[in-house]
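**Student:** Coordinates for the following, if possible.
(4 chains)
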2 protein chains.
Amino acid sequence: MITLAEENYLKAILSISLNFDGKVSTNAIAGEIGTTAASVSDMLKKLQDKKLVKYKKYKGVSLTKKGNSFATSVIRKHRLWETFLVNNLNFDWGEVHDVAEQLEHIKSEELVDRLDTFLDCPKFDPHGEPIPAKDGKIPTTNTIPLNKLSEGTNGKVMGVTLDEKPFLDYLTKLNISIGTEIKLLEKIPFDQSISIKIVNTKQHISNDVAKHLLIKTN
Amino acid sequence: MITLAEENYLKAILSISLNFDGKVSTNAIAGEIGTTAASVSDMLKKLQDKKLVKYKKYKGVSLTKKGNSFATSVIRKHRLWETFLVNNLNFDWGEVHDVAEQLEHIKSEELVDRLDTFLDCPKFDPHGEPIPAKDGKIPTTNTIPLNKLSEGTNGKVMGVTLDEKPFLDYLTKLNISIGTEIKLLEKIPFDQSISIKIVNTKQHISNDVAKHLLIKTN
DNA sequence: AAAAAAGTTTAGACATGTCTAAAAATTAAG
DNA sequence: CTTAATTTTTAGACATGTCTAAACTTTTTT
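**Tutor:** Prediction:
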């Protein structure tokens, strides 16, 4: 049986793997989960014993096939629940993360299958993040982070890669949501901040914001 | 903060209180939860410290106002989730208990409120059990267990008081569900078993089954 | 390549919740 | 009303998951 804490570690390892490649470091996991490196070390040994990760002391960790499958399943559940919360219970996209963090650990394959059907098998969650299918396949998009676009490019916001309320509230204030048309006007070399046009209004945003916006160019 | 284990103890104490009156015994709780009397003793001390129960060694336990309020809230959540699972995810009424046991511990008042609204503020769950309102008030019914009816009485099944798959599956096999019209034909003094008429078919059921069927007489 | 800094692991402790076995209190029986 | 049976509590142990402090690797700097 896999515990709640173990699921959270696997999910954290997968999240980090998706952004950086190579082995995942103890500190990175500690940062993601909000715990100490010592606790992570302890847990990695346990996950190793359960063949959920491949781990060499001081050398970082990676998921086994089995570990990857569990982690993917947790992310699938998280995103399906977020979809339910926003689509059916009228939660705002910034309010669903904490509740989904709890719901993702409910154990029932039947429940997930039926929820998926109920929601019409969505491919993306309310933040535009891909929802892994039952078989673990993750829908792909040909999107690029806004900060990688070149000046003058037009595109549409397809997703955000940060699920935190302050960030999402700020986007809402900027009138940015999934589907918003954006034109990149100017990139400032000094701080990598950028000017954009949204529905005929000029806005200026930092690189930290831009890098979390996934754009599909027209 | 109240933990998952504590919630389960409070719920168990409330369940037992509803069926028998007076103080609740350690053994009864152990039986309900499926643990040992020793574990119950330990936990009662902790619940006492948190002012969730009133407890005198060897003398049984009862819920404080605060404890009762938590326990009622857990039951509210359990029954709302069961309603969702049956009404919206097309689960059978015998399949929802275990999943609802997990869902009832999700912490978010907002979630419960919105789920309640989504379901149209149901007063009874798929088993006919009353769903406590947000303020803790429990809808009442003037129903009696089938085994307490007298011969010749007609009535309608309004609820069942046992949420276990083998029992519910058996009812389904007998063609009994919420709303079924039943006539009590004969009570056998020897074993308290009874003969009933359901949609013009005669059936014979044990007292153990009859006592868990709540009937509203015509 | 040695010293310093950064990252990681171990050791020991603690909190939660569980268990078994033994002791104590209560209730029932003769 | 004293013994026996039942119920309940305590004592001590264990598993999980966390933490701090100290020790140990690895990487970076000089």
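
**Student:** ok, the residue most central in space within chain A - contacts?
**Tutor:** Central residue of chain A (CA atoms, centre = their mean): A:Thr161, 5.2 Å from the mean position. Neighbouring residues of A:Thr161 by CB atoms under 8 Å, 6 or more residues apart in numbering or on different chains: A:129, A:145, A:211-212, A:214. (Glycine included, C-beta is placed from N, CA and C.)

**Student:** What about A:Asn68, how many residues nearby?
**Tutor:** 18 (other CB atoms under 10 Å in any protein chain shown).

**Student:** Check whether it really touches A:Lys51, as I assumed.
**Tutor:** No. Applying CB atoms under 8 Å as the test, A:Asn68 and A:Lys51 come out as separate, 11.7 Å apart.

**Student:** Where do the helices of chain A begin and end?
**Tutor:** Along chain A, the stretches classed as helices by DSSP state H are A:4-19, A:26-33, A:37-49, A:65-87, A:97-103, A:109-118, A:165-173, A:207-210.

**Student:** what's the most buried one of these?
**Tutor:** Comparing these by mean neighbour count (mean count of other CB atoms under 10 Å in any protein chain shown), helix A:65-87 ranks first with a mean of 21.

**Student:** what packs against that one?
**Tutor:** helix A:4-19, helix A:97-103, helix A:109-118 (3 or more CB pairs under 8 Å, 6 or more residues apart in numbering or on different chains; DSSP states H and E).

**Student:** what does the last one rub up against?
**Tutor:** Pointing back at helix A:109-118 there. Residues contacting helix A:109-118 (CB under 8 Å, 6+ apart): A:73, A:76-77, A:80-81, A:84, A:122, A:134, B:85, B:88-91, B:95, B:99.

**Student:** Distance check, the residue nearest to the centre of chain A against A:Gln192.
**Tutor:** 17 Å (CB to CB, to the nearest Å).

**Student:** What of A:Thr141?
**Tutor:** 23 Å.

**Student:** And for A:Lys51?
**Tutor:** 42 Å.

**Student:** cool, A:Asp135 as well?
**Tutor:** Going from A:Asp135 to A:Gln192 by CB to CB gives 39 Å.

**Student:** Comparing the two, which residue is more hemmed in?
**Tutor:** A:Gln192 (13 against 7).

**Student:** what sits against the more buried one?
**Tutor:** A:147, A:206-207, A:210.

**Student:** what's the burial count for the closest residue in space to A:Leu162 that isn't next to it in sequence?
**Tutor:** Distances taken as CB to CB, 6 or more residues apart in numbering or on different chains put A:His212 closest to A:Leu162, at 4.4 Å, once the chain neighbours are dropped. Residues contacting A:His212 under the criterion other CB under 10 Å number 20.

**Student:** doesn't A:Phe167 make contact with A:His212?
**Tutor:** Yes. Applying CB under 8 Å, one finds A:His212 in contact with A:Phe167, separated by 6.8 Å.

**Student:** so A:Ile131 touches A:Arg79, yeah?
**Tutor:** Yes. With contacts counted by CB under 8 Å, A:Ile131 reaches A:Arg79, the gap being 4.3 Å.

**Student:** hey, what's in contact with both of these two?
**Tutor:** Joint contacts of A:Ile131 and A:Arg79 (CB under 8 Å, 6+ apart) are A:Asp125.

**Student:** Break chain A down into its domains, please.
**Tutor:** A:4-63, A:144-217 (automatic domain parsing).

**Student:** These: which one's closest to B:Lys156?
**Tutor:** For the domains of chain A, distance to B:Lys156 was read as CB to CB. The smallest value, 43.0 Å, belongs to domain A:4-63.

**Student:** one step back: and the helices of chain A as CSV, adding distance to B:Ile29 and mean pLDDT?
**Tutor:** CSV is the format used below for those (distance: least, CB to CB, whole Å; pLDDT from 0 to 100):
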stretch, distance to B:Ile29, mean pLDDT
helix A:4-19, 25, 95
helix A:26-33, 35, 96
helix A:37-49, 32, 96
helix A:65-87, 32, 98
helix A:97-103, 26, 97
helix A:109-118, 29, 98
helix A:165-173, 40, 95
helix A:207-210, 53, 94
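
**Student:** Could I get these in TSV, plus columns for distance to DNA strand C?
**Tutor:** Output for the helices of chain A, formatted as TSV (distance: least, CB to the nearest atom of the strand, whole Å):
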stretch	distance to DNA strand C
helix A:4-19	11
helix A:26-33	3
helix A:37-49	3
helix A:65-87	16
helix A:97-103	16
helix A:109-118	23
helix A:165-173	25
helix A:207-210	20
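
**Student:** quick one: which of those is nearest B:Ile198?
**Tutor:** Closest to B:Ile198 of those, according to CB to CB: helix A:109-118, at 29.7 Å.

**Student:** can you give me how far that closest one is from the chain middle?
**Tutor:** How far helix A:109-118 lies from its chain's middle: 21 Å, per CA atoms, centre = their mean, to the nearest Å.

**Student:** now do stretch A:202-210
**Tutor:** Worked out by CA atoms, centre = their mean, stretch A:202-210 lies 20 Å from the chain centre.

**Student:** What's the end-to-end length of that stretch?
**Tutor:** 15 Å (CA to CA, to the nearest Å).

**Student:** How about stretch A:115-133?
**Tutor:** One end of stretch A:115-133 to the other measures 12 Å (CA to CA).

**Student:** What residues of it count as buried?
**Tutor:** A:115-116, A:118-119, A:122, A:124-132 (16 or more other CB atoms under 10 Å in any protein chain shown).

**Student:** Tell me the one of the contacts of helix A:109-118 nearest A:Ile178?
**Tutor:** A:Pro122 (12.2 Å).
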